[in-house]
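Enquirer: With the sequence up front, the predicted model follows.
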Amino acid sequence: MGNGNFGIHGGQYIPETLMNAVIELEEAYNRCKDDPGFNRELTGLLNEYAGRPSRLYYAARMTSDLGGAKVYLKREDLNHTGAHKINNVLGQALLAKRMGKTRVIAETGAGQHGVATATAAALLGLECVVYMGVEDTIRQALNVYRMRLLGAEVRPVKSGTGTLKDAVSETFREWTARISDTHYVLGSVMGPHPFPTIVRDFQAVISKEIKEQVLEKEGRLPDAVLACVGGGSNAIGAFYHFIGDESVRLIGCEAAGRGVDTFETAATIATGRPGIFHGMKSYFCQDEYGQIAPVYSISAGLDYPGIGPEHAWLHDTGRAEYVPVTDEEAVQAFEYLSRTEGIIPAVESAHAVAHARKIVPNMAKDQIVVINISGRGDKDCAAIARYRGEDIHD
Amino acid sequence: MTRTADAFAEGKAFIPFITCGDPDLETTARLVRAMADSGADLIELGIPFSDPTAEGPVIQQANERALKAGTTTDKVFDLVRDLRRDVTIPMVFMTYANVVFSYGKERFCERCREVGIQGMILPDVPYEEKDEFDPVCKENGLDLISLIAPTSEDRIGRIARDASGFVYCVSSLGVTGVRSEITTDIGAMVRLVKQAKDIPCAIGFGISTPDQARQMAQHADGVIVGSAIMKLIAKHGRDAEPLAAEYVKQMKDAVRGQG
């Protein structure tokens, strides 16, 4: 795998203290990925415990309402713990056990990855500590409680802006202090090699299933696959097995916050430029001196100033498109899908739904669009109510 | 012409680190001059970064204060140009990859040469990614300082063979910051470096007291202190100068076995 480069992006920009740890991880992963025993165990957990394969659901009412392409929803929200995060976490937790680690640490934004990690740790008997920006512990109080209930310790991160990027920094700091018994379960397709590759491989089950399911239902490939992008793990998972199918448009929906012409945005491709941060070369929101920008989105899970290196490369090569979606558009889509299909999507996933509402009406009726519903929206109800001026308690 | 290696020419070196612009650049200038006058053999000038992932809380907060005070890379270059009117000891930058990359690495290294910087330490650039910066450093006569850590083990020989200036030996796991005890076998790390290349070794991370400095200096050619100095500055701000000067004197004496 070399240094894990995707075009000019990727690499291993981390302190020397961590180098042997990521080399050990790469070696362990290379041993496990083609090992029938490892794969049997992982597939067993994904199917029996997490509830895979997830459904590819034909959204008939949304299709008829929008009056264009047929809309399918990939229901990652139906996975155990309510999001796609469990796919990666079960893989990495098994890997941690194979490496003889007894403790896992993780960062979390919205709390979905933290909950998934705490869940896998409970299941596999690993000690678990989750780092979460102090702002996010307030926005996502319910998930903090869930993690504690599952036996994990949640450490609020007060440094910097107190959001996802600071949680990632703090988890890296903690990892440099304690490596021998600890594996860092990174939650997205970001960070130093081999993480972007490992996480992508564990999430690629999403596009593998979409492909099988859409071929079975429609006898052909979709015309477009849409997913929200923060770091980009659900998106790369949904795109991966279609990258070679040039006829399939791959559309990543970034969080524009209050708009890409404001400072309150997290749309990395739209407003960022190449940089080196959190172990990787990729696109980052930053000022003229390379100081990382304090980004903003209503969605804690997309509130990150960078994007995974493989997405950066898919953008450079033009294979995937990246579009910004504002808070307001996402909130409207959150409400729209709830009322139209009876499915409350995560506010993250609602960014993809919002963009689908823009493009589907302009597509032909015999075309097919797949939206990855990466998570469920129960966790977001209090925040959306607040956005609408209603004060409910979590 | 000043060279990084000059720091180690007259015996064991004491190397203070300071975050530029905390609390302001005028204070940084006074502190650097005071430390140079008090026996510092090389000074690490930190260019502040928004997300310093290798730093503990003390230097993280120093970075935040410096950025809030309006410190920029260009202003730090101006500071160095001013310092070079009278400061003759070697000075290296300590910052993060994105500060250099985003400025344009060629432009950054050319400016380093112009203003009189001898090298740079980038804690998020390991051996595997050295080629991103090393060629352009070399073109401009700058040493890209290599780091080794307690976890480096079999990597030490390879890293040392390609090192220039000095090797920065990280004393402990974790991030920068004061520690009461250092348990790593520093002597063994340094021996592995010296087997691979005849190059000075300086030890940093966690050192704050003269006793620790004396002990570490027995194993290496120099001792680096950052957080302890930044703590003084956090507490005393613009009035830290005499305290920092006195501290540097004590540490230098300890390193040279005279304290």
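Expert: Perfect, thanks for sending it. Numbers count the residues shown, from 1 in each chain, chains lettered A, B, ... in the order given.

Enquirer: Give the buried residues for the host helix or strand of A:Asn39.
Expert: Assigned by DSSP states H and E, A:Asn39 belongs to helix A:36-44. Neighbour-count burial for helix A:36-44, counted by 16 or more other CB atoms under 10 Å in any protein chain shown, picks out A:Phe38, A:Glu41, A:Leu42. For every residue, glycine as well, the C-beta is placed using N, CA and C.

Enquirer: Skipping adjacent residues, who's closest to the first one in space?
Expert: If the residues on either side of it in the chain are set aside, A:Phe38 comes closest to A:Cys32, at 4.2 Å by CB to CB, 6 or more residues apart in numbering or on different chains.

Enquirer: Report the contact partners of the residue in the stretch 51-200 of chain A positioned nearest to chain B.
Expert: The nearest approach of the stretch 51-200 of chain A to chain B comes at A:Ala177, 3.4 Å away (CB to the nearest CB). When contacts are counted by CB atoms under 8 Å, 6 or more residues apart in numbering or on different chains, A:Ala177 touches B:Leu173, B:Gly174, B:Val175.

Enquirer: how about a cut-off of 6 Å?
Expert: Contact analysis of A:Ala177 by CB atoms under 6 Å, 6 or more residues apart in numbering or on different chains lists B:Leu173, B:Gly174.

Enquirer: Now it. Its backbone dihedrals?
Expert: With angles defined as degrees, to the nearest 10, A:Ala177 sits at phi -90, psi -20.

Enquirer: Likewise for the one 10 residues further on?
Expert: Dihedral angles phi and psi of A:Gly187 (degrees, to the nearest 10) take the values phi -90, psi -10.

Enquirer: And the residue nearest to it when sequence neighbours are not counted, which helix or strand is it part of?
Expert: Closest residue in space to A:Gly187, ignoring its immediate chain neighbours: A:His113 at 3.4 Å, by CB to CB, 6+ apart. For A:His113, the host element (DSSP H and E) is helix A:112-124.

Enquirer: tell me the mean pLDDT for the next helix or strand after that helix?
Expert: Counting by DSSP H and E, the next helix or strand C-terminal to helix A:112-124 is strand A:127-133. For strand A:127-133, mean pLDDT is 97.

Enquirer: wait, does strand A:127-133 contact chain B?
Expert: No - shown here: strand A:127-133 not in contact with chain B (CB under 6 Å from any CB of the partner chain), separated by at least 12.5 Å.

Enquirer: Strand partners (parallel or antiparallel) of that strand?
Expert: Paired with strand A:127-133 in the same sheet, following DSSP bridges, are strand A:103-108 (parallel), strand A:153-157 (parallel).

Enquirer: Figure out which of those is closest to B:Met216.
Expert: Distance to B:Met216, taken as CB to CB, is lowest for strand A:103-108 among the strands paired with strand A:127-133, at 29.8 Å.

Enquirer: quick one, the closest one and helix A:112-124 angle?
Expert: Between the axes of strand A:103-108 and helix A:112-124, defined by axes from the mean of the first three to the mean of the last three CA atoms, to 10 degrees, the angle is 160 degrees.

Enquirer: what comes up buried for strand A:103-108?
Expert: Those would be A:Val104, A:Ile105, A:Ala106, A:Glu107, A:Thr108, for strand A:103-108 by 16+ other CB under 10 Å.

Enquirer: Please export the C-alpha coordinates of stretch A:135-155 as CSV.
Expert: Taking C-alpha atoms only, stretch A:135-155 is exported to CSV below (Å, rounded to 0.1, in the frame of the first residue of the first chain):
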residue,chain,number,x,y,z
GLU,A,135,-19.7,21.8,22.3
ASP,A,136,-20.8,18.5,20.9
THR,A,137,-21.4,16.9,24.3
ILE,A,138,-24.0,19.7,24.7
ARG,A,139,-25.5,19.3,21.2
GLN,A,140,-25.6,15.6,21.5
ALA,A,141,-26.3,14.9,25.2
LEU,A,142,-28.3,11.8,24.6
ASN,A,143,-25.4,10.1,22.8
VAL,A,144,-23.1,11.0,25.7
TYR,A,145,-25.5,9.1,28.0
ARG,A,146,-25.6,6.2,25.6
MET,A,147,-21.8,5.8,25.6
ARG,A,148,-21.7,5.9,29.3
LEU,A,149,-24.5,3.4,29.5
LEU,A,150,-22.4,1.1,27.3
GLY,A,151,-19.5,1.3,29.7
ALA,A,152,-17.3,3.8,27.9
GLU,A,153,-15.7,6.9,29.5
VAL,A,154,-16.5,10.1,27.6
ARG,A,155,-13.9,12.9,27.9
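
Enquirer: Brilliant, that's me finished.
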